[in-house]
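Colleague: Sequence first, then the predicted structure, then my questions.
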Amino acid sequence: ILLNRSSISLRIRLPKKDKDKPPTIVIKITEMIISIPTDADGSTSVDGAEFRGLEIDDGSEIWSFEAVNGFADAPPVAIDTDDDDVIDRVCWVTWYQETTARHGHAGCHDVSGNNPQIDWYNDIEQTSGSPNDEIAVAQPVWMDIDGSGAPELLVAYGRTLWAWDGDTGTQAAINNNWNN
């Protein structure tokens, strides 16, 4: 995606399978998410990264919320849970530091109304490696990994892959080895 002051350009390369029937692509871009990654108060929960949904055509704010704590180096994932072409959930991952220990949070906000509400969040504790490894830099992934039909939220944090039920935030048990 290329952005400039006057337009948005999308360049998509698709394989050519049938020259007589080129693929049809419909792209609806009406909003964007701006992340303000700062966490001015460090390890206390007074301040966390901010996320704002803006209309692309005029820049007006649709919604805004603050994560429970931490820096947001990773972009959030926007989700349309009811397939009506409107983003109604935003999931995020953040991290913060206390002395040398690093901690993370992952969660989802309901952004369907004028006043976003947190659906759920979970703490992510350091698991292995050095403190430099324990940060969140990859965007969360929203997908069905257990075959139930309902998506889970996957988060890479440090050297560990975490998964939670997308609706409730309970830790997803994919198989007997998932918690190891």
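Modeller: Nice, thanks for sending it over. Numbers count the residues shown, from 1 in each chain.
Colleague: For Leu161, see how far away Ala78 is.
Modeller: The gap separating Ala78 from Leu161 is 21 Å, by CB to CB, to the nearest Å. All C-beta spots, glycine's among them, are computed from the backbone N, C-alpha and C.
Colleague: the more surrounded of those two?
Modeller: Taking other CB atoms under 10 Å, Ala78 and Leu161 do not tie; Ala78 has more neighbours (17 against 12).
Colleague: Under a three-state scheme, what state does the nearest residue to that one once chain neighbours are set aside occupy?
Modeller: Take Ala78 and drop its neighbours on the chain: the residue closest to it by CB to CB, 6 or more residues apart in numbering is Ile87, 4.5 Å away. The three-state assignment at Ile87 reads coil, by DSSP: H, G, I helix; E, B strand; the rest coil.
Colleague: Go ahead and confirm Ile87 touches Glu31.
Modeller: Yes. With contact defined as CB atoms under 8 Å, Ile87 reaches Glu31; the gap is 6.4 Å.
Colleague: what do the two both touch?
Modeller: Listed as contacting both Ile87 and Glu31 by CB atoms under 8 Å, 6 or more residues apart in numbering are Gly53.
Colleague: neighbours around the nearest residue to Ile56 once chain neighbours are set aside, how many?
Modeller: Nearest residue to Ile56 in three dimensions, chain neighbours excluded: Met32, at 5.7 Å (CB to CB, 6+ apart). By the criterion of other CB under 10 Å, Met32 has 16 neighbours.
Colleague: how near is Met32 to Gln117?
Modeller: 21 Å.
Colleague: for the protein, what are the low-confidence residue spans?
Modeller: Within the chain, the stretches with pLDDT under 70 are 1-29, 39-46, 128-133, 172-180.
Colleague: Try it again at 90.
Modeller: Within the chain, the stretches with pLDDT under 90 are 1-49, 55-60, 67-74, 81-87, 94-104, 113-114, 123-138, 144-150, 156-180.
Colleague: Which residue ranges of it form strands?
Modeller: 2-3, 8-9, 31-36, 50-55, 61-66, 77-79, 89-98, 101-110, 117-125, 141-143, 152-157, 160-165 (DSSP state E).
Colleague: Including distance to Gln171, could the ones you listed go into CSV?
Modeller: Supplementary listing: the strands of the chain in CSV, determined by distance: least, CB to CB, whole Å:
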stretch, distance to Gln171
strand 2-3, 37
strand 8-9, 38
strand 31-36, 25
strand 50-55, 24
strand 61-66, 23
strand 77-79, 18
strand 89-98, 15
strand 101-110, 11
strand 117-125, 8
strand 141-143, 16
strand 152-157, 10
strand 160-165, 6
